[in-house]
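Engineer: Take this sequence and fold it.
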Amino acid sequence: MKANKKANLVLLSLASVTSLALIGSTMGTLSWYAYSTHTLLSYTGTSVRKSVLLNLGIVDNNHYISDSTIEDQHLVREDIDDNSIVWTTSSSGLTSEVIGEYLLASPYAYNMLSPVTSNERAINATSDLVLYESPEFGKTAINNTADTKDYVKIPFAFKIMNNDSELVADQKIWLTDVDVQTSGAHLNDAVRVFVSNSQEKFLLKPNDNALVTSATKVGGLLDLNGDKIYDYNIDDNNHEYIYGHYTGTPSFSANPQGADYYDNVNHTQYEEDSTFYAQRGKDASLLNTSSVTFLEAHYQTFGTVKPKVSGDGTFYSDGGIGKPIAYTDSEDAVGYAEFTIYIEGWDHAIVNEAAGYSFNLGLQFEINKI
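Structural biologist: Residues are numbered from 1 along each chain as shown. Below you'll find the model as predicted:
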């Protein structure tokens with residue numbers, strides 16, 4: 001296993017900075033559908049500058065974080081907004097021990113992730129995220145919900161204090177920097193973060209700086225048994241299996257070449273060993289890919305979430321650019337943002353080469369000057 005390195009973010013000298021860093025490493029084969037797959041995720045924790053006005057906490061209504069940890073880590077538990085929140089009080093921030101203790105007791109992943117999928121999702125979807133497990137050979141529908149231990153969910157809280165130590169309401173928390181690093185392959189492209197706050201829900205691909213939203217196809221032909229041939233059904237006229245979600249009426253025809261041949265039917269940019277790139281079988285009845293349309297999971301990019309900045313350094317939204325991560329708009333002027341962090345298995349970056357590689361995810365939060 002290769003050495004992990006913490007993501008280094010440049011902290012901007014504005015009103016407040018909070019950074020979150022996650023480190024993970026893959027083990028086993030990461031061809032997401034074909035084999036039993038897992039990704040090891042370890043937490044380096046969060047840090048908050050002591051001089052800043054933005055405080056970060058974890059909503060801990062079940063008291064997963066022990067009193068002894070709160071004392072040892074110089075944290076504060078506060079009952080506010082009918083929640084029990086553990087807040088940072090110093091520049092030491094929320095350490096890996098704090099986050100790890102919370103996650104270990106929670107029903108979600110602690111240090112193991114498996115590639116899952118959101119299935120199709122519109123860019124303006126307002127529903128909660130539901131994640132689904134990978135399909136099995138010959139079982140084309142992907143409708144079984146993923147085990148909660150396959151992904152991470154952390155309910156963050158934010159509060160802003162002015163110079164008089166008063167809570168400041170109706171402020172926005174922005175995501176101003178992202179650093180997604182991997183020790184190899186293309187795993188950084190497969191990381192997804194689902195953000196749910198008091199005003200909206202959106203899916204984010206942090207390793208994408210494009211200034212327009214994009215999408216991942218959540219359907220296609222796959223090689224699940226690892227024989228380097230797209231799967232086909234010998235009990236149904238050798239028709240190729242269509243995995244995932246699509247519209248249209250599939251049509252099939254005999255292999256015109258009469259031999260196995262490689263065909264990039266999924267239009268992946270990574271023509272290397274994976275479930276997405278294989279051969280059309282010489283005995284298979286081949287799908288006419290123009291007869292179906294594969295559905296998509298639309299997402300925001302970091303480029304569309306990162307705020308615009310005015311000449312005086314003020315963050316703002318304009319023209320579809322800039323989406324606040326949270327708003328201090330609760331009854332007690334607290335902002336909430338639940339983060340679901342997972343690996344999207346339909347992303348073509350999930351290839352065999354990624355086995356044994358690690359990834360870092362760093363997120364930087366800031367607010368405007370008060």
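
Engineer: Return the mean pLDDT over the lengthiest helix in the chain, rounded to an integer.
Structural biologist: Assignment by DSSP state H gives helix 96-105 as the longest helix of the chain. Per-residue pLDDT values over helix 96-105 give a mean of 84.

Engineer: Could I get the CA-only coordinates of that helix as PDB?
Structural biologist: Extracted in PDB, the C-alpha atoms of helix 96-105 (Å, rounded to 0.1, in the frame of the first residue of the first chain):
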ATOM      1  CA  SER A  96      -9.300  12.100  13.500                       C
ATOM      2  CA  GLU A  97     -10.000  10.600  16.900                       C
ATOM      3  CA  VAL A  98     -13.200  12.700  17.300                       C
ATOM      4  CA  ILE A  99     -14.500  12.000  13.800                       C
ATOM      5  CA  GLY A 100     -13.500   8.400  14.000                       C
ATOM      6  CA  GLU A 101     -15.300   7.900  17.400                       C
ATOM      7  CA  TYR A 102     -18.400   9.400  15.900                       C
ATOM      8  CA  LEU A 103     -18.400   7.300  12.800                       C
ATOM      9  CA  LEU A 104     -17.400   4.100  14.600                       C
ATOM     10  CA  ALA A 105     -20.600   4.300  16.700                       C
END
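
Engineer: Which element, helix or strand, includes the spatially most central residue of the chain?
Structural biologist: Centroid check for the chain by CA atoms, centre = their mean gives Arg192 as the closest residue, at 1.9 Å. Element membership for Arg192, per DSSP states H and E: strand 191-197.

Engineer: now do Phe156
Structural biologist: Per DSSP H and E: Phe156 is located in strand 152-160.

Engineer: Any stretches of the protein with poor pLDDT?
Structural biologist: Residues of the chain meeting the criterion pLDDT under 70: 1-52, 90-94, 96, 111-112, 181-185, 352-361.

Engineer: Show me it divided up by domain.
Structural biologist: Per the record, the chain has its domains at 16-213+301-367, 219-294, by automatic domain parsing.

Engineer: and those, which is most packed in?
Structural biologist: Mean neighbour count (mean count of other CB atoms under 10 Å) peaks for domain 16-213+301-367 among the domains of the chain, with a mean of 19. For glycine as for every other residue, the C-beta is placed from the backbone atoms N, C-alpha and C.

Engineer: what are the ranges of the strands in the stretch 101-250 of the chain?
Structural biologist: 112-113, 152-160, 172-182, 191-197, 201-205, 214-217, 219-220, 232-233, 239-240, 243-244, 246-248 (DSSP state E, counting those that start in this stretch).

Engineer: Outside of stretch 251-264 itself, list whatever touches it.
Structural biologist: Outside of stretch 251-264, the residues that reach it under the criterion CB atoms under 8 Å, 6 or more residues apart in numbering are 229, 237, 239-240, 271, 277-288, 291.

Engineer: for stretch 226-243, same thing?
Structural biologist: 31, 33-35, 135, 137-138, 140, 142, 219-225, 250, 252, 260, 265, 273, 278-281, 283-287, 292.

Engineer: Start and end of it, how far apart?
Structural biologist: Stretch 226-243 has an end-to-end distance of 15 Å (CA to CA, to the nearest Å).

Engineer: Can you show me the CA trace of stretch 56-65 as PDB?
Structural biologist: Coordinates of the C-alpha atoms in stretch 56-65 are reproduced here as PDB (Å, rounded to 0.1, in the frame of the first residue of the first chain):
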ATOM      1  CA  LEU A  56     -17.400  23.900  13.100                       C
ATOM      2  CA  GLY A  57     -19.300  21.100  15.000                       C
ATOM      3  CA  ILE A  58     -20.900  17.700  14.600                       C
ATOM      4  CA  VAL A  59     -24.500  17.100  15.300                       C
ATOM      5  CA  ASP A  60     -24.200  14.300  17.900                       C
ATOM      6  CA  ASN A  61     -27.800  13.600  19.100                       C
ATOM      7  CA  ASN A  62     -26.900  10.000  20.000                       C
ATOM      8  CA  HIS A  63     -23.900  11.000  22.000                       C
ATOM      9  CA  TYR A  64     -21.500   8.900  20.000                       C
ATOM     10  CA  ILE A  65     -18.600  11.200  21.100                       C
END
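
Engineer: which SSE is Thr293 in?
Structural biologist: strand 292-294.

Engineer: and that strand, what other elements does it pack with?
Structural biologist: Here strand 292-294 touches strand 219-220, strand 246-248, going by 3 or more CB pairs under 8 Å, 6 or more residues apart in numbering; DSSP states H and E.

Engineer: Swap in 7 Å and give it another go.
Structural biologist: On a contact count with 3 or more CB pairs under 7 Å, 6 or more residues apart in numbering; DSSP states H and E, strand 292-294 meets strand 246-248.

Engineer: what about the helices in the protein?
Structural biologist: Secondary structure of the chain, counting by DSSP H: helices at 67-72, 96-105, 302-305.

Engineer: relative orientation of the longest one and strand 152-160 in degrees?
Structural biologist: Between helix 96-105 and strand 152-160, the angle comes out at 130 degrees (axes from the mean of the first three to the mean of the last three CA atoms, to 10 degrees).

Engineer: what's near enough to touch Ile70?
Structural biologist: Arg77, Val86 (CB atoms under 7 Å, 6 or more residues apart in numbering).

Engineer: got the contact list for Val195?
Structural biologist: Applying CB under 7 Å, 6+ apart to Val195 gives the contacts Lys201, Phe202, Leu204, Ile325, Ala337, Phe339.

Engineer: how far away is the fourth one from Phe302?
Structural biologist: The spacing between Ile325 and Phe302, counted by CB to CB, to the nearest Å, is 12 Å.

Engineer: same thing with the third one?
Structural biologist: Separation of Leu204 from Phe302 (CB to CB) stands at 7 Å.
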